[in-house]
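Asks: Build the 3D model from these lines:
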Amino acid sequence: MENEELHIISSILAGKTERFAYFLDKYGQQVFNLIVRMTNSPEDAEELTQDSFMKAFEHLSSFNGNSSFSTWIYRIAYNTTLSALRKKTNEVLSFDERLWNTVSDTEADEALNSEDEEQIQRLQEAISRLSPDEQALVSLFYEENRPIAEIGYILHLTESNVKVKLHRIRKKLYLLMKQED
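Replies: Just a heads-up that it's a prediction; the model follows:
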């Protein structure tokens with residue numbers, strides 16, 4: 001698959017620009033899903049998805065094949081979205097570190113792994129209250145099932161930092177869900 005994509009990239013760089021449609025078709029929806037999770041706005045996500053693919057097209061010659069194209073486009077989309085969100089003023093939720101330490105892993109896991117419809121709705125509302133970078137992390141790991149190493153590359157984090165952030169986000173989601181009760 002990656003060899004096929006490298007061949008397509010070579011042909012695009014050689015002038016067959018219409019072949020870029022392959023990447024739009026293959027990764028467009030996934031990139032849109034990541035961005036809509038970060039922005040909570042389908043309209044903004046649509047525009048930022050277009051911007052991300054335009055940047056990818058413009059910088060296609062810099063794609064070096066060290067990662068998969070999907071990882072590369074995710075990183076572009078993440079950076080593009082983060083830049084756009086920084087221009088807006090967002091409410092930031094913060095919790096005291098001591099509050100997280102009062103929540104046991106078991107307690108958080110039980111609440112987050114519930115299949116109760118009401119609990120799932122509270123979880124979705126809690127996720128929407130996370131910061132854009134936390135939402136991206138949740139989306140990439142839990143929805144896209146991306147490996148920790150790839151998430152670290154996309155989000156400019158070490159693997160251990162990704163793991164720590166995921167652990168804290170689970171506790172933060174639990175606390176946000178409790179606030180809604």
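Asks: C-alpha only now, for contacts and for neighbours.
Replies: Noted.
Asks: How many residues are close by the residue nearest to Val36 when sequence neighbours are not counted?
Replies: Distance criterion Cα to Cα, 6 or more residues apart in numbering; nearest residue to Val36, sequence neighbours excluded, is Ala45 at 4.9 Å. Residues contacting Ala45 under the criterion other Cα atoms under 10 Å number 22.
Asks: show me the contacts for Ala45.
Replies: Residues in contact with Ala45, defined by Cα atoms under 8 Å, 6 or more residues apart in numbering, are 32, 35-36, 39.
Asks: Secondary structure element holding it?
Replies: Secondary structure from DSSP states H and E places Ala45 in helix 42-58.
Asks: That helix: which residues count as buried?
Replies: For helix 42-58, a neighbour-count test (16 or more other Cα atoms under 10 Å) marks 44-46, 48-53, 56-57 as buried.
Asks: mind exporting it as CSV, just the C-alpha atoms?
Replies: The C-alpha coordinates for helix 42-58 follow below in CSV (Å, rounded to 0.1, in the frame of the first residue of the first chain):
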residue,chain,number,x,y,z
PRO,A,42,-18.5,20.9,11.0
GLU,A,43,-18.3,24.1,9.1
ASP,A,44,-14.9,25.0,10.5
ALA,A,45,-13.8,21.4,10.0
GLU,A,46,-14.7,21.4,6.4
GLU,A,47,-12.7,24.6,5.7
LEU,A,48,-9.7,23.3,7.8
THR,A,49,-9.8,19.9,6.0
GLN,A,50,-9.5,21.8,2.7
ASP,A,51,-6.7,23.9,4.1
SER,A,52,-4.9,20.8,5.3
PHE,A,53,-5.0,19.0,2.0
MET,A,54,-4.0,22.2,0.2
LYS,A,55,-0.9,22.4,2.4
ALA,A,56,-0.2,18.8,1.8
PHE,A,57,-0.4,19.3,-1.9
GLU,A,58,1.7,22.4,-1.8
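Asks: ok, residues contacting the lengthiest helix in the chain?
Replies: Scanning the chain for the longest helix, with DSSP state H as the assignment, gives helix 159-180. Around helix 159-180, the neighbours that count as contacts under Cα under 8 Å, 6+ apart are 95, 100, 103, 105, 108-109, 111-112, 122-123, 125-127, 134, 137-138, 148-149, 151-152.
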